[in-house]
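>>> sequence plus predicted model, see below.
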Amino acid sequence: QLVESGGGLVQPGGSLKLSCTASGFTGDEFAVGWFRQSPGKERGPIACINSVGDGRDYIDSVKGRFTVFRDGKDTIYLQMNSLKPEDTGVYYCAARRGSSCYSARSYYNWWGQGTQVTVSS
């Protein structure tokens, strides 16, 4: 099970920190991806982190602004700085068993319920 939290309304240029808490993966290594579904668009990848936390990948539009990191095994964060209106959407974390992270949705078997992020003045 995955549970996201930390979404909300923020002004352009502001910051938010999303959390993803995983349960039920006892003894298994798993990688985590963050995805975003903006209004009128399909759910797409934002960032991912491998099982040990030393490998990360980001889409170009968030590089230098977003950081994904793990606090231990079961809590994964997405720190979002310098937010823009186009970052608005529902943010989902997803997990896959294994060490490597991938951007494609098809690699992930477990999904959280999503948390809304709205960037607006």
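Cool, the structure landed.
>>> residue 41 - how many residues pack around it?
Residue 41 is flanked by 9 other residues according to other Cβ atoms under 10 Å. Every residue, glycine included, has its C-beta placed from N, CA and C.
>>> center of the protein - which residue?
With distances taken as Cα atoms, centre = their mean, residue 34 lies nearest the centre of the chain, 2.5 Å away.
>>> and residue 59, what does it touch?
44-47, 103 (Cβ atoms under 8 Å, 6 or more residues apart in numbering).
>>> nearest to residue 25, of those residues?
Each of the contacts of residue 59 was checked against residue 25 using Cβ to Cβ; the closest is residue 47, at 19.2 Å.
>>> confirm that the residue nearest to the centre of the chain sits in a helix.
No. Using DSSP: H, G, I helix; E, B strand; the rest coil, the secondary structure at residue 34 is strand, not a helix.
>>> so what sits opposite residue 67 in the bridge?
Beta-bridge partners of residue 67, counted by DSSP bridges, are residue 79.
>>> count the neighbours of it for me.
Residue 67, neighbours per other Cβ under 10 Å, totals 17.
>>> got it, and residue 100?
Residue 100 has 13 neighbouring residues, counting by other Cβ under 10 Å.
>>> now it: how far from residue 20?
18 Å (Cβ to Cβ, to the nearest Å).
>>> on that earlier part again, so the residue nearest to the centre of the chain bridges to which residues?
For residue 34, the beta-bridge partners under DSSP bridges are residue 47, residue 93.
>>> use 205 as the first number from now on
Taking 205 as the first residue, the last one we looked at is residue 238.
>>> that one contacts residue 272, correct?
Yes. Residue 238 is in contact with residue 272 according to Cβ atoms under 8 Å; the separation is 6.2 Å.
>>> which residues do those two both contact?
Common contacts of residue 238 and residue 272, defined by Cβ under 8 Å, 6+ apart, comprise 251-252, 282.
>>> out of these, which are buried?
Among the shared contacts of residue 238 and residue 272, those classed as buried by 16 or more other Cβ atoms under 10 Å are 251-252, 282.
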